[in-house]
Structure formats: structure tokens, C-alpha cells
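Asks: Got a predicted model here, sequence first, then my questions.
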Amino acid sequence: MKINQKIKIAIISDVMDRRPERSVFARRLVENLLKYPELEIYLIHYKKMPDDPLYEKAHEILIPLLRLPWASHFFSFIWFCLTTKEKFDIVHWLMPRPYPFFWRVPAKKTVVTVHGGTGERAPHIFTIPNFFFNFYMRHFNNYIDVAIAVSEYGNKEAIYDFRLLPEKVFTIYNGIDPIYKPLPEEIVRQTLKKYNVNFEKYFLYLGGMQTHKNVKRLVEAYIMLRDSRPIEEKLILIGKGSYGGDEVRRTAQNSKYKNDILFINYVPLEDSPAFYRGATALVFPSLNEGFGLPVAEAMGCGTPVITSNLTSLPEVAGGAALLVDPYKVEEIMEAMVKVMTDNDFRKKMIEKGLRRAAIFTWESYAKENFLLYKKILGLN
């Protein structure tokens, strides 16, 4: 590479278009990489996104979509690889779902953010797309130069599940947005009013409703808590229904406390800090996480966190959360009682959580990615 020549980074940004609510990390990475004058960022995707400032600040490459009965995106991708005149230093896939023949992108090095492993040891459903993506990650990973995990647990899980060479896998912690901070009570009340939340005390869950998220046991723990003592706290569950979601709703609806269990399908990013801040605690009893962003976000808002003692969650919590065995409903319930009734313990959790959350920044996340780019190109 010539002196002073910019590093050309091709980022497969399709995930930002298809799943914006699940790809905050992708947007934040691009936003912060654009601050480095040494980099020339190319965003490659299929669909023109109007009024998106990221695509105006970076170079945008649209892959012409071939209209086929099936696999349109895949064949369009292959056609793009065969016909493009562009040459890149690095192509970065933001999810462990690269298309077959992903190595045909004209780049010197290939980077994949794997986050963690496949999560197959936790309850999940079989899907054809996941089968094929996992197959290619396992059997064609010799074409991957670097895989990025978002926790040390995710690092080990990726090595095991995808059969990656350990020296190819690096850990870079996710960040959290600066909006995740303690908010004044008045802002919290005004925000919650928009969602017809007119009560002041509640336990909160925010995330997916998939089976491995273990939300059903959280609902059961709340029911057990209500049976054991009179309390003011309601339960708010924020997240879109997915496989496992119907079972969670049935469990709530069959309870005598169903009117105190509120389901909210979606809360935009800017409103989520108010829900965190107003909660007695975030209860996040997931069975498998590569990172677990809600844990860090809640701590940043000054909210106590109850989470699992499994996978990446103890690592991310860093001693600032109350850990439970997520398979034991009674243990989840007892943790809720502890946070609700022990004020001194609650204050210590809040203090520890604020200190822990401060280490997770998107600036640091992007810087580590940038340094890794330079490392694999031999520019350090």
C-alpha cells in the first residue's frame, strides 16, 4: 500500500436496512469509522435508503437486485462480485451470515463480526437459512482472515461453533449510546405517558421474545412474587413477538395478574432510557448471549440489573449485577425481592453499574476495529 493512500473498507451494510432495531452496533461502527481520515468507507447494500445520512457521508454501492423466483439476493451478490470494477483492502461482514462464495468480493482481507457462536446449546428453532450460513462459516472459514466477537465468552463460543482458528478471533466489546444515562423523573414520566404507562413501579424486560431469552420464566417468577407478598410493581415486557413469544403471552394471560403484565412490541431507541430509568430493576434472564446490550444500557441509566449467570452475561455485568440461575424461577423471584426491599444493596448496585457502563463506548468499539484493520494489513 502506498504511503498516505487511504484504506478502502467495504462494509456489507444490508443488515442496517433489513433489521434497523437489531443493528445499532452497525450504524455506530460506521458513524465512528467515518471520523478516521485514513479510511475510505464503502457501504454495499441492495436497497436505496432515502434520507439516510450515513449513505451520504460514505461511498454507497447499490447491488442491482435480480428478480428471481428464489435466492434473488444471493445471485445478485454473485453477479456484483463478478462484474464490479472496485478493489478493496478489506471487506467487513457485520453479521456471521455471509453469502456462499463470500470470498469472491474483490478484497485483500475478509473480516466477519461473528458476535458469538451459533447459540445452539440454548433453546432455539431450526431454520434453513441458519443451517446454510452456519455450514459456510464452519466449512469455508479458511477464507476469513479475522472474526470479531463481542465478549470473551463469545470468542470461545465462536471458535468452538464455527471451528475457527483461535488466532483469527479477536474480542471487541460493544458500546452503548450516551443517551443511556440517569434521567430526571419528569422526563421519565412524560415518556412513559406516551405508552399509557400510568404506574410508577415496575420490573422491566427489554429484548427479544425467543425461547432462549427465557422470558416465560421471568413471567413465572413475577407471578410467584405476587403470590408471595403484596407489591406495587407491575411487569413491563418490551420486545417483538418471535418464536417463543406466544408461550410468554399465554403464561401471562392465564395468570390472575394478567392486567399487571404489560406487553409493548416496540420502543424507539430514544425512549428506551426512560423505561430503564423508571424501573425497579431490569430483569434479563437470557440463556445465551454474545454480549447482552440491555444489561449495559440499564446500568448506564442507573438501574439495578438482575441477569443470568450464564454465557457472556457475568462478563458484561462485571460484578455490577445480581446474577441468578436462569433455569430456577424461584431464584429469579428472590433476586427481584432483594432489589425491591434492600435499599443499601440497591444503591451499591446502581453505583457499580454506572462505573461498569462507562467502559462501553462506541468510540472505543470503532477504534479497536480500526486498529484491527491496520494490523491485518500489516500497517501497525
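Replies: Noted; the coordinates are in hand. This is a predicted model, so every value here is computed, not measured.

Asks: Where does pLDDT dip in this structure?
Replies: 1-4, 21-22, 122-126 (pLDDT under 70).

Asks: Go through it and flag its longest strand.
Replies: Secondary structure of the chain read by DSSP state E shows that its longest strand is strand 107-115.

Asks: after that one comes which helix or strand?
Replies: Moving toward the C-terminus from strand 107-115, the next helix or strand (DSSP states H and E) is helix 128-139.

Asks: Figure out how far that following helix is from the centre of its chain.
Replies: Distance of helix 128-139 from the chain centroid (CA atoms, centre = their mean, to the nearest Å) equals 20 Å.

Asks: what helices or strands is it leaning on?
Replies: helix 152-162 (3 or more CB pairs under 8 Å, 6 or more residues apart in numbering; DSSP states H and E). For every residue, glycine as well, the C-beta is placed using N, CA and C.

Asks: now for the helix it packs on, which elements pack on it?
Replies: strand 107-115, helix 128-139, strand 146-149, strand 169-171.

Asks: what's the angle between that helix and strand 107-115?
Replies: If you take axes from the mean of the first three to the mean of the last three CA atoms, to 10 degrees, helix 152-162 sits at 110 degrees to strand 107-115.

Asks: Report the separation between the spatially most central residue of the chain and residue 121.
Replies: When the chain is reduced to its mean C-alpha position, the nearest residue by CA atoms, centre = their mean turns out to be residue 293, at 5.5 Å. From residue 293 across to residue 121, the span is 21 Å (CB to CB, to the nearest Å).

Asks: What of residue 164?
Replies: From residue 164 to residue 121 the distance is 17 Å (CB to CB).

Asks: Which one of the two is surrounded by more residues?
Replies: residue 164 (23 against 15; other CB atoms under 10 Å).

Asks: looking at it, the more buried one is touching residue 140, isn't it?
Replies: No - taking contacts as CB atoms under 8 Å, residue 164 lies outside contact range of residue 140: 11.3 Å.

Asks: Let me see the contact set for the residue nearest to residue 219 when sequence neighbours are not counted.
Replies: Once flanking residues are discounted, residue 219 sits nearest to residue 251: 4.8 Å by CB to CB, 6 or more residues apart in numbering. Taking CB atoms under 8 Å, 6 or more residues apart in numbering, we find residue 251 in contact with 216, 219, 220, 223.

Asks: same question, residue 179
Replies: By CB under 8 Å, 6+ apart, the contact set of residue 179 is 269, 270, 273.

Asks: pretty sure the first one is touching residue 24, no?
Replies: Yes - contact criterion CB under 8 Å: residue 269 and residue 24 qualify, at 6.8 Å.

Asks: Give me the domain ranges for this protein.
Replies: 7-175+361-376, 185-357 (automatic domain parsing).

Asks: looking at those domains, which is buried most?
Replies: domain 185-357 (a mean of 19; mean count of other CB atoms under 10 Å).

Asks: how long is that one from one end to the other?
Replies: Distance across domain 185-357, first residue to last, is 21 Å (CA to CA, to the nearest Å).

Asks: what does stretch 283-290 give?
Replies: 17 Å.

Asks: which residues of the stretch 151-300 of the chain fall in strands?
Replies: All strands of the stretch 151-300 of the chain, identified by DSSP state E, counting those that start in this stretch, fall at 169-171, 202-206, 234-238, 261-264, 281-284.

Asks: ok, the nearest residue to residue 183 once chain neighbours are set aside - contacts?
Replies: Of all residues not flanking residue 183 in the chain, residue 277 sits nearest, at 4.7 Å (CB to CB, 6+ apart). Residue 277 sits next to 182, 183, 188, 301, 302, 303 when contact means CB under 8 Å, 6+ apart.

Asks: is it true that residue 41 lies in a strand?
Replies: Yes - counting by DSSP: H, G, I helix; E, B strand; the rest coil, residue 41 falls inside a strand.

Asks: Would you mind confirming that it is in contact with residue 60?
Replies: No - in this structure, residue 41 is not within contact of residue 60 by CB under 8 Å, at 9.8 Å.

Asks: so what's residue 224 closest to, chain neighbours aside?
Replies: Using CB to CB, 6+ apart, the closest residue to residue 224 is residue 333 (4.6 Å).

Asks: what about that neighbour, which helix or strand?
Replies: Under the assignment here (DSSP H and E), residue 333 is part of helix 329-341.

Asks: what's next to that helix, contact-wise?
Replies: By CB under 8 Å, 6+ apart, helix 329-341 touches 203, 217-218, 220-222, 224-225, 228-229, 231, 233, 280-281, 283, 285, 304, 306, 322, 324-326, 345-346, 349.

Asks: same thing but at 6 Å, please
Replies: 217, 220-221, 224-225, 280-281, 285, 304, 306, 322, 324-325, 346 (CB atoms under 6 Å, 6 or more residues apart in numbering).

Asks: Same check on stretch 55-69?
Replies: So stretch 55-69 is contacted by 34, 41, 42, 43, 44, 46, 49, 72, 75, 76, 80 (CB under 6 Å, 6+ apart).

Asks: can you pull out the helices in the stretch 151-300 of the chain?
Replies: 152-162, 185-193, 215-228, 245-253, 272-278, 293-300 (DSSP state H, counting those that start in this stretch).

Asks: Quick one: those as CSV, columns for distance to residue 130 too.
Replies: Shown next, in CSV, are those (distance: least, CB to CB, whole Å):
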stretch, distance to residue 130
helix 152-162, 12
helix 185-193, 36
helix 215-228, 21
helix 245-253, 18
helix 272-278, 27
helix 293-300, 21
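
Asks: of the ones you listed, which approaches residue 134 most closely?
Replies: helix 152-162 (7.5 Å; CB to CB).

Asks: what angle sits between that closest one and helix 128-139?
Replies: 90 degrees.

Asks: Work out the gap between helix 152-162 and the centre of the chain.
Replies: The answer for helix 152-162 is 16 Å, by CA atoms, centre = their mean.
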